[in-house]
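Chemist: sequence unknown, structure follows:
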């Protein structure tokens with residue numbers, strides 16, 4: 001790295017390229033100002049490192065430079081995608097095309113225009129939504145039009161300064177290896193972009209651009225309607241619902257979802273019902289964070305005598321749910337794992353009710369490997385099939401597509417981060433459909449004199465207790481994160497203060513065999529492709545060398561997975577204990593195990609990690 005006031009040749013070349021190629025006056029002037037101030041440290045930070053094309057695309061802060069989301073990096077990425085598509089599809093591109101959507105964040109609409117300009121520059125047909133849409137509409141449209149690709153401009157629930165670029169394959173699932181690697185290579189082959197793509201006026205009269213909004217809207221809700229099985233009950237239910245889109249795109253679509261299921265209108269959280277890219281009433285626009293984000297929802301519910309809260313994240317692909325206790329009036333915010341259990345039970349209930357004649361082994365449910373294993377327990381008991389995948393719907397959606405191509409039926413897939421794919425209308429998490437299905441489930445249970453919490457208790461009584469403890473620490477220093485995982489792979493081999501133990505060895509690595517007083521029986525390190533439980537010591541899940549993920553299996557039946565986020569500066573942990581018995585005892589034991597794990601494995605005070613705010 002160059003010192004303040006100095007410039008190296010590589011940086012100078014990047015500066016020259018940026019000032020030559022960037023036609024956006026705002027971001028161009030940001031770089032020019034840094035040059036004039038001779039702030040080469042800042043210039044190195046924004047120009048010498050490029051955003052990685054990774055978790056289904058791109059996600060980063062909006063600012064000038066190769067490391068951030070801006071017009072030039074959007075155009076360069078789309079140019080690479082256009083080249084990739086031509087190699088993959090050839091002449092089919094002119095008829096099948098690409099779907100482009102965008103959310104309500106700052107610059108999302110303009111970024112979508114930049115994407116479209118580049119695509120038509122390459123003579124590619126574009127189905128570009130004319131207005132904000134939920135993320136699930138893009139993969140739905142990809143399969144509806146049999147398009148070659150889908151692009152959604154969104155950063156989901158990230159902070160307001162971020163934006164993103166999410167890519168879907170022709171099957172409607174998020175992009176996965178090796179396609180992401182091929183696109184990344186195509187992007188960096190040529191970073192210069194034609195001047196013509198900076199002119200949006202070409203979009204207005206291009207014969208290559210169609211607006212799919214009306215057709216997709218109608219077809220999506222026509223298919224969604226078929227998921228409703230208790231329409232008459234929905235019409236008469238005394239339950240009253242609150243809904244919030246958390247300043248995002250969801251309101252119009254959630255309203256239509258309720259209408260499609262014949263529900264009376266819900267009560268929206270007025271302060272959050274309109275799109276607001278500032279997310280002005282919340283610290284983080286992520287309903288997964290729980291009660292802090294749902295504060296105004298609770299107030300709206302109390303004011304309108306409502307007992308169920310439904311909350312989408314800003315791009316409406318996730319769903320959070322809260323229920324008011326009839327006993328003491330307290331609110332229960334369900335975890336993603338608990339909601340996964342409820343949706344899984346409901347999917348089985350509906351499937352069994354329909355009495356479909358088929359081999360039950362051809363009926364599947366899917367969850368990510370860091371999510372609760374409740375679907376596995378259900379599948380074993382009910383005689384259907386289950387599989388777990390790596391984290392994220394780019395894996396689950398593609399596996400669902402694989403099973404469908406084998407004439408199998410996929411009932412449900414979920415991840416603990418409140419992402420739910422109910423049915424296969426969309427091969428991705430879909431908060432709009434989940435919203436309507438959850439409302440119908442609650443109405444059905446209410447008619448049976450049960451609450452969601454009552455049903456959850458029955459699920460765990462039938463299929464076994466599944467107790468979880470999940471959270472994360474924030475760290476903006478990648479070197480500290482690398483050191484933490486390095487230490488876990490070389491436990492006691494470095495000079496540290498670890499409790500000495502024999503360790504679980506593989507190749508040149510040695511993992512801990514204890515955590516506090518808890519014995520570790522096995523380790524899976526997906527980053528390296530190692531699993532001590534298999535005969536050949538190879539992980540059954542695909543190796544992911546660019547991301548950190550280690551799972552520890554304890555002799556008491558618990559498991560804990562540590563992994564880095566692909567979209568946020570977080571080191572997450574996921575834990576679960578499964579068995580029969582007292583859930584409170586399970587929780588107490590798991591909580592102690594997790595605390596020991598945090599103290600010894602994370603060492604947050606020593607490493608300067610920031611705990612999740614509550």
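Modeler: Nice, I can see it. For clarity, every value in this text was computed on a predicted model and none was experimentally measured.

Chemist: Give me the distance between the residue nearest to residue 546 when sequence neighbours are not counted and residue 418.
Modeler: Leaving out its chain neighbours, the residue that sits closest to residue 546 by Cβ to Cβ, 6 or more residues apart in numbering is residue 54, at 7.1 Å. The way it works is simple: take the backbone N, C-alpha and C, and place the C-beta from them, glycine included. Distance from residue 54 to residue 418, counting by Cβ to Cβ, to the nearest Å: 22 Å.

Chemist: Same question for residue 147.
Modeler: From residue 147 over to residue 418 (counting by Cβ to Cβ), the distance is 28 Å.

Chemist: I'd guessed the residue nearest to residue 546 sits against residue 566; true?
Modeler: Yes: between residue 54 and residue 566 a contact is recorded at 5.8 Å, counting by Cβ atoms under 8 Å.

Chemist: Spit out the contact partners of the residue nearest the centre of the chain.
Modeler: Geometric centre of the chain, nearest residue: residue 392, 6.0 Å, by Cα atoms, centre = their mean. Residue 392 makes contacts with 55-56, 174, 368, 415, 566, as judged by Cβ atoms under 8 Å, 6 or more residues apart in numbering.

Chemist: who has more neighbours, residue 54 and residue 418?
Modeler: Each of residue 54 and residue 418 had its neighbours counted (other Cβ atoms under 10 Å), and the higher figure belongs to residue 418 (27 against 16).

Chemist: pretty sure the more buried one is touching residue 336, no?
Modeler: Yes: checked against Cβ under 8 Å, the pair residue 418 and residue 336 is within contact range at 4.3 Å.

Chemist: Spit out the residues that contact the two alike.
Modeler: residue 288.

Chemist: Show the end-to-end separation of stretch 160-175, please.
Modeler: This stretch, stretch 160-175, spans 25 Å end to end (Cα to Cα, to the nearest Å).

Chemist: Could you list the low-confidence segments of the stretch 451-600 of the chain?
Modeler: Applying pLDDT under 70 to the stretch 451-600 of the chain flags residues 493-502.

Chemist: ranges for the helices of it?
Modeler: 452-463, 478-489, 583-597 (DSSP state H, counting those that start in this stretch).

Chemist: Can you convert those into CSV and add a column each for distance to residue 254 and mean neighbour count?
Modeler: Listed next are those as CSV, based on distance: least, Cβ to Cβ, whole Å; neighbours: other Cβ atoms under 10 Å:
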stretch, distance to residue 254, mean neighbour count
helix 452-463, 18, 17
helix 478-489, 37, 16
helix 583-597, 33, 17
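
Chemist: so which of those helices gets nearest residue 109?
Modeler: helix 478-489 (32.0 Å; Cβ to Cβ).

Chemist: Identify all contacting residues around the closest one.
Modeler: Helix 478-489 is contacted from outside by 475, 494, 496, 498, 509-512, 525, 527-528, 548, 550, 562, 564, 571, 601-603, 607-609, using Cβ under 8 Å, 6+ apart.

Chemist: what about residue 176, how many neighbours?
Modeler: Other residues close to residue 176 by other Cβ under 10 Å number 20.

Chemist: swap in the one 5 residues further on?
Modeler: Neighbouring residues of residue 181 were enumerated by other Cβ under 10 Å; the total is 12.

Chemist: do the same with residue 159
Modeler: Other residues close to residue 159 by other Cβ under 10 Å number 13.

Chemist: can you tell me how far the residue nearest to it when sequence neighbours are not counted sits from residue 512?
Modeler: Sequence neighbours aside, residue 284 is the residue nearest to residue 159 in space, at 6.5 Å (criterion: Cβ to Cβ, 6+ apart). From residue 284 across to residue 512, the span is 32 Å (Cβ to Cβ).

Chemist: With residue 176 instead?
Modeler: Distance from residue 176 to residue 512, by Cβ to Cβ: 32 Å.

Chemist: Can you give me the buried ones in stretch 336-355?
Modeler: Neighbour-count burial for stretch 336-355, with 16 or more other Cβ atoms under 10 Å as criterion, is recorded at 336-348, 350-351.

Chemist: what is residue 468 paired to in the beta sheet?
Modeler: residue 576 (DSSP bridges).

Chemist: List the residues that contact it.
Modeler: 335, 337, 372, 416, 574-576, 590.

Chemist: change it to 10 Å
Modeler: 335-338, 371-374, 416, 574-578, 586-587, 590, 594 (Cβ atoms under 10 Å, 6 or more residues apart in numbering).

Chemist: now swap in residue 84 and tell me
Modeler: 148-149, 179, 182-187.

Chemist: What helix or strand is it located in?
Modeler: In the assignment (DSSP states H and E), residue 84 maps to helix 71-89.

Chemist: buried residues in that helix?
Modeler: Residues 71-86, 88-89 are the ones in helix 71-89 that count as buried (16+ other Cβ under 10 Å).

Chemist: Burial check on residue 602, number of neighbours?
Modeler: So residue 602, with other Cβ under 10 Å, has 20 neighbours.

Chemist: whoops, residue 283 was the one
Modeler: 11.

Chemist: My guess is it contacts residue 157. True?
Modeler: No: in this structure, residue 283 is not within contact of residue 157 by Cβ atoms under 10 Å, at 11.9 Å.
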